[in-house]
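Chemist: Please work out how this folds:
(one chain, ligands or ions: 3)
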Amino acid sequence: MHVYLPATTTVFYVLQALWIASAQKVPASVLSAAIDLLDASHILDLLDVVDAFGHVSVRNPVNSSQFLMTFAIAPALATSQSIVTYEVENATAIGLTFNSSITGAAVPTGFAERFIHSEIFKRFPDVLGVVHSHTQEILPFANQDCVKLVSQIHTAPSVGSEGAPVFDVRKLPKNVLPDNQLHDLDIRTEALGDALARMFSVDSQVVLMRGHGMAVRAPSLREAVFSSFYIKQDATVQLQGILLGGGKAPLGLNKREVMDTATDAKNRVDRAWPPLDSTS
Ligand SMILES: *[C@@H]1O[C@H](CO)[C@@H](O)[C@H](O)[C@H]1NC(C)=O
Ligand SMILES: *[C@@H]1O[C@H](CO)[C@@H](O)[C@H](O)[C@H]1NC(C)=O
Ligand SMILES: *[C@@H]1O[C@H](CO)[C@@H](O)[C@H](O)[C@H]1NC(C)=O
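Modeler: Ligands and ions are numbered 1, 2, ... in the order given. Below is the predicted model:
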């Protein structure tokens, strides 16, 4: 189910962000990142990649030790006044990106699972965008060990040819997930976020999470959105291929094909979602 924001409402929020940004002297690059973040939230909702509980983040373009993400709100409902600046170091909320009058205890803590984002940004300095979702199509591949999700289509090189890694909280040592901590599969601590971030392989930009969803990393926010959508498509195609082939594994992309389509991915993203300056 989606909550559609009318176009006029979206335009209003963008204009509001522009106005607030000029009043608060937010750098132009941060404003662009924030507008992209709102668009990303709404696009991921529209494409049914995220439900009401997914989240997307972007590294702060003027300070790589910080990232921008909304507080705990459904992505469809994100506005400039829901964007929070967080520390990469510990996922602590510093303040609202567009409202410096909110300070101290009044600053919302953010998603319980914000550690997914902080630990991925911490571990991979080149990553500028992260998505966490509960996309149903990928869950069959997260919930068993027999069939690995692999790149099936040339729009999904981010999955890789070797099989997307699966993060399973049951395999974690007690010092990462102690007995006295909730075993609800959520990534509620730095230690859990770190364990998840360590699961990424060179070959794959996604980690599937058993019984839960996925985490996607990318060199830009837009690529994170692009990858997330096509990872969902990829899972559908692979499952359909398995069914159609009577259980036989469908042909996936090989290493060379993955490498070459990944090289071309940036151009595809720019066509699907052109840079702000090229559309004005
Ligand atoms: C960058 O972010 C870190 C962490 O929030 C902060 O300590 C530092 O002062 C910031 N740097 C600048 C130049 O604002
Ligand atoms: C989080 O990390 C920052 C440094 O990046 C530090 O200034 C701040 O005190 C830390 N906050 C908590 C609650 O540990
Ligand atoms: C900042 O938040 C305060 C308290 O919610 C609100 O009154 C004010 O209008 C907000 N400022 C902007 C620029 O939206």
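
Chemist: Show me the helices in the protein, by range?
Modeler: Per DSSP state H, the chain carries helices over the ranges 7-24, 28-46, 114-123, 139-142, 190-197, 221-244, 255-272, 276-279.

Chemist: Can you say which of the ones you listed is packed in most?
Modeler: helix 114-123 (a mean of 25; mean count of other C-beta atoms under 10 Å). Where C-beta positions appear, they are placed from N, C-alpha and C, glycine not excepted.

Chemist: Return the distance of that one from the chain's centre.
Modeler: 11 Å (C-alpha atoms, centre = their mean, to the nearest Å).

Chemist: coming back round to it: can you say which of the helices of the chain is nearest to ligand 3?
Modeler: With C-beta to the nearest ligand atom as the measure, helix 7-24 is the member of the helices of the chain nearest ligand 3 (4.8 Å).

Chemist: can you redo the helices of the chain as JSON lines with distance to ligand 3?
Modeler: Below are the helices of the chain laid out as JSON lines (distance: least, C-beta to the nearest ligand atom, whole Å):
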{"stretch": "helix 7-24", "distance to ligand 3": "5"}
{"stretch": "helix 28-46", "distance to ligand 3": "13"}
{"stretch": "helix 114-123", "distance to ligand 3": "21"}
{"stretch": "helix 139-142", "distance to ligand 3": "38"}
{"stretch": "helix 190-197", "distance to ligand 3": "29"}
{"stretch": "helix 221-244", "distance to ligand 3": "23"}
{"stretch": "helix 255-272", "distance to ligand 3": "31"}
{"stretch": "helix 276-279", "distance to ligand 3": "22"}
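
Chemist: Distance to Met209 and mean pLDDT for those helices - can I get that in JSON lines?
Modeler: Listed next are the helices of the chain as JSON lines, based on distance: least, C-beta to C-beta, whole Å; pLDDT from 0 to 100:
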{"stretch": "helix 7-24", "distance to Met209": "31", "mean pLDDT": "64"}
{"stretch": "helix 28-46", "distance to Met209": "17", "mean pLDDT": "97"}
{"stretch": "helix 114-123", "distance to Met209": "9", "mean pLDDT": "98"}
{"stretch": "helix 139-142", "distance to Met209": "6", "mean pLDDT": "98"}
{"stretch": "helix 190-197", "distance to Met209": "7", "mean pLDDT": "98"}
{"stretch": "helix 221-244", "distance to Met209": "13", "mean pLDDT": "97"}
{"stretch": "helix 255-272", "distance to Met209": "22", "mean pLDDT": "91"}
{"stretch": "helix 276-279", "distance to Met209": "32", "mean pLDDT": "62"}
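
Chemist: Pull the contacting residues for the closest residue to ligand 3 within the stretch 101-250 of the chain.
Modeler: Closest to ligand 3 within the stretch 101-250 of the chain is Ser101: 4.9 Å, counting by C-beta to the nearest ligand atom. Residues in contact with Ser101 (C-beta atoms under 8 Å, 6 or more residues apart in numbering): none are found.

Chemist: buried stuff in stretch 84-102?
Modeler: Val84, Thr85, Tyr86, Glu87, Val88, Ala91, Ala93, Gly95, Leu96, Thr97, Phe98, Asn99 (16 or more other C-beta atoms under 10 Å).

Chemist: so what's the last one bridging to?
Modeler: Meaning Asn99. Taking DSSP bridges, one obtains Leu96 as the residues bridged to Asn99.

Chemist: what's the distance between it and Phe141?
Modeler: 41 Å (C-beta to C-beta, to the nearest Å).

Chemist: Ok, the fourth one next?
Modeler: As defined by C-beta to C-beta, Glu87 lies at a distance of 33 Å from Phe141.

Chemist: which parts of the stretch 51-200 of the chain sit against ligand 1?
Modeler: Within reach of ligand 1 by C-beta under 6 Å from any ligand atom, the stretch 51-200 of the chain has these residues: Asn63, Ser65, Gln66, Glu87.

Chemist: So which of those is surrounded by the most neighbours?
Modeler: Tallying neighbours with other C-beta atoms under 10 Å puts Gln66 at the head of these, with 19 neighbours.
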